[in-house]
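A.B. asks: Kindly return the folded structure for what I paste below:
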Amino acid sequence: MKADCPRILLAGDRSSSGKTTIVAGLLFALQRRSLKVQPFKVAMDYIDPSYHTWITGRHCRNLDGYLMPPSAVAEIYAHAAQGADISVIEGVRGLYEGYEGDLGSTAQIAKMLQTPVIFVVDARSITRSAAALVKGYMDFDPGVEIKGVILNKVGSERHAEKARKEIERYAGVEVVGVIGRNDSMHLAMRHLGLVPVLEGKTRHDGFEERLDKIREIVEEGLDLDRILELAGEAGPLPEVWPDLYRQSDEGKGVKIGVAMDEAFNFYYRDNLELMELSGAKVVPFSPVHDSALPAVDGIYIGGGYPEIYARELSENQSMRASLERAHERDLPIYAECGGLMYLTREIEWDGERREMVGLVPGKARRGNIRVVSYVHGALTRDCALGPAGAPIMGHEFHHSELIMDEKADYAIRLERGTGIKDGWDGVCEGSMVASYSHIHSASYRGFPSNFIKACREKAE
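C.D. replies: Reported below is the predicted structural model:
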């Protein structure tokens, strides 16, 4: 595989620099030029990619230098960028923030993929200091090619011109965009970040109009022609031979039911695509709207916001009963984070208690802290995810906690990460595994192949 399209990476000087809304506006603007735009997101977030996917019509892919070896980063990039006119990569946190050194950072991905960086600066109340900030970031790691600057949250034209002059004079890099302070540049937020697209479209009045306003502001504030020129300066990348994206027939005839609706939509596209490449059929179903499971050989319930849809999920008793029957038949079930919460006995949130499926012996409630962390550990028993001893790497991202019964059994022992209780994750009963950890097929190569194998064995 070879992806020769122009590419650009937008990075921030810190979290909340405004890069996500600017990236959304940029994607809209490029789409309006009839370009095929391939989006990427550094690190393992689900919510920002939901916007990128919706805007571009192409599945956003995650790139993570901690969880993924360089070969996997290169392959995911090349696979997704095929047929695109331009790739746009959104960074995470500040440009140089990583797990250890630049491991897991935006800077690491910029260097891996030799991608020109456009640096988004929160310019509130600074002009000449903005030049010092940009110059410092440029000098910190010469291997990162900062080719342009976007000044965000600027107070006036005079403010913008002073900052532009000082940056170009002292840092020697051009300013390719100026975005003024504007309340329209804010998207709806909650305890895990932005409101996901599926929910925004169904529950938030004026959602699409606000995004269109962001597009207008960004389109007016950025020099799109110059940004396209900078993207075109990215050098060629080496050809990549498929390793992850290999077609097979190991899943032929297997049907995997995947929960997909406004409550559950946090999935890495690569996980689902590898199921399809194995020959398995992905069958979407809705725990909110459908009355029963479709005819499937296994069930995958991803992350999302079951706490927001707790009433609807609880009132859909026929779906809950259908899941109970599937578990009684020992159908393999894999649930991540939001799916884990749904399978507990109840969700207690903001003073309300709602009954859930009851396959996990405990209840979910709002936690005291937001947990965002890489996880690594190992399977301690044979289960639907693989054999005992298999190493697990992934990511957890939640604001809930579980109050568990003492009798609960677990399949994952974590060396790093919070998990469900005392370093344990992956509640395991029969062919069900339900964990806080999200796994990606490039971070745990046993998924989805081991899960598909378990589904096939039960079906036979």
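A.B. asks: the helices in the stretch 1-150 of the chain, which residues?
C.D. replies: 19-32, 47-56, 70-81, 106-112, 128-140 (DSSP state H, counting those that start in this stretch).
A.B. asks: Of these, give the one that comes closest to Arg413.
C.D. replies: For Arg413, the closest of these is helix 70-81, at 24.5 Å, according to CB to CB. In short, each C-beta sits where N, CA and C put it, glycine included.
A.B. asks: Share the number of residues neighbouring the nearest residue to Ala130 once chain neighbours are set aside, please.
C.D. replies: Excluding the flanking residues, the one nearest Ala130 by CB to CB, 6 or more residues apart in numbering is Ala163, at 4.6 Å. By the criterion of other CB atoms under 10 Å, Ala163 has 24 neighbours.
A.B. asks: same check, this time on Ala107
C.D. replies: Neighbours of Ala107 (other CB under 10 Å): 26.
A.B. asks: need the contact list for it.
C.D. replies: Ala11, Leu95, Tyr96, Gly98, Asp141, Gly143, Val144 (CB atoms under 8 Å, 6 or more residues apart in numbering).
A.B. asks: One more pass at 7 Å, please.
C.D. replies: By CB atoms under 7 Å, 6 or more residues apart in numbering, the residues touching Ala107 are Leu95, Tyr96, Asp141, Val144.
A.B. asks: And for Lys19?
C.D. replies: Leu10, Ala11, Gly12, Glu90, Gly91, Val120.
A.B. asks: before we move on, back to that, and the residue nearest to Ala130, what element?
C.D. replies: Assigned by DSSP states H and E, Ala163 belongs to helix 157-166.
A.B. asks: Toward the C-terminus, what is the element adjacent to that helix?
C.D. replies: strand 174-180.
A.B. asks: just checking, what packs against that next one?
C.D. replies: Here strand 174-180 touches strand 146-154, helix 207-221, going by 3 or more CB pairs under 7 Å, 6 or more residues apart in numbering; DSSP states H and E.
A.B. asks: ok, and for the helix holding Ala163, which residues are buried?
C.D. replies: Across helix 157-166, burial judged by 16 or more other CB atoms under 10 Å covers His159, Ala160, Lys162, Ala163, Arg164, Glu166.
A.B. asks: what does stretch 270-289 give?
C.D. replies: By neighbour count on 16+ other CB under 10 Å, the buried set for stretch 270-289 is 270-275, 277-278, 280, 282-283, 285-288.
A.B. asks: what's the answer for stretch 63-75, then?
C.D. replies: So stretch 63-75, judged by 16+ other CB under 10 Å, has buried residues Leu63, Asp64, Gly65, Tyr66, Leu67, Met68, Ala72, Val73, Ala74, Glu75.
A.B. asks: what's the farthest-apart pair in these?
C.D. replies: Tyr66 and Glu75 (16.6 Å).
A.B. asks: Quick one: residues contacting Leu343.
C.D. replies: Leu343 neighbours (CB under 7 Å, 6+ apart): Ala335, Met356, Val357, Leu359, Val360, Ala434.
A.B. asks: From Ile109, how far off is it?
C.D. replies: Using CB to CB, to the nearest Å, Leu343 is found at 34 Å from Ile109.
A.B. asks: Same check on Ile126?
C.D. replies: Counting by CB to CB, the gap from Ile126 to Ile109 is 27 Å.
A.B. asks: So if I had to pick from the two, which one is more boxed in?
C.D. replies: Higher neighbour count among Ile126 and Ile109: Ile109, with 27 against 18, using other CB under 10 Å.
A.B. asks: Quick check: that one touching Gly65?
C.D. replies: Yes - the pair formed by Ile109 and Gly65 meets the contact definition of CB atoms under 7 Å, at 5.8 Å.
A.B. asks: picking up where we left off before, make sure the residue nearest to Ala130 is actually in contact with Ala123.
C.D. replies: Yes - under the criterion of CB under 7 Å, Ala163 makes contact with Ala123 at 5.5 Å.
A.B. asks: Overlap in contacts, those two.
C.D. replies: By CB under 7 Å, 6+ apart, Ala163 and Ala123 have these common neighbours: Ala130, Leu151.
A.B. asks: which stretch among the helices and strands packed on strand 174-180 comes nearest Pro242?
C.D. replies: Here strand 146-154 is closest among the helices and strands packed on strand 174-180 (CB to CB), at 30.9 Å.
A.B. asks: Could you point out which residue ranges in the protein have low pLDDT?
C.D. replies: 184-194, 198-206 (pLDDT under 70).
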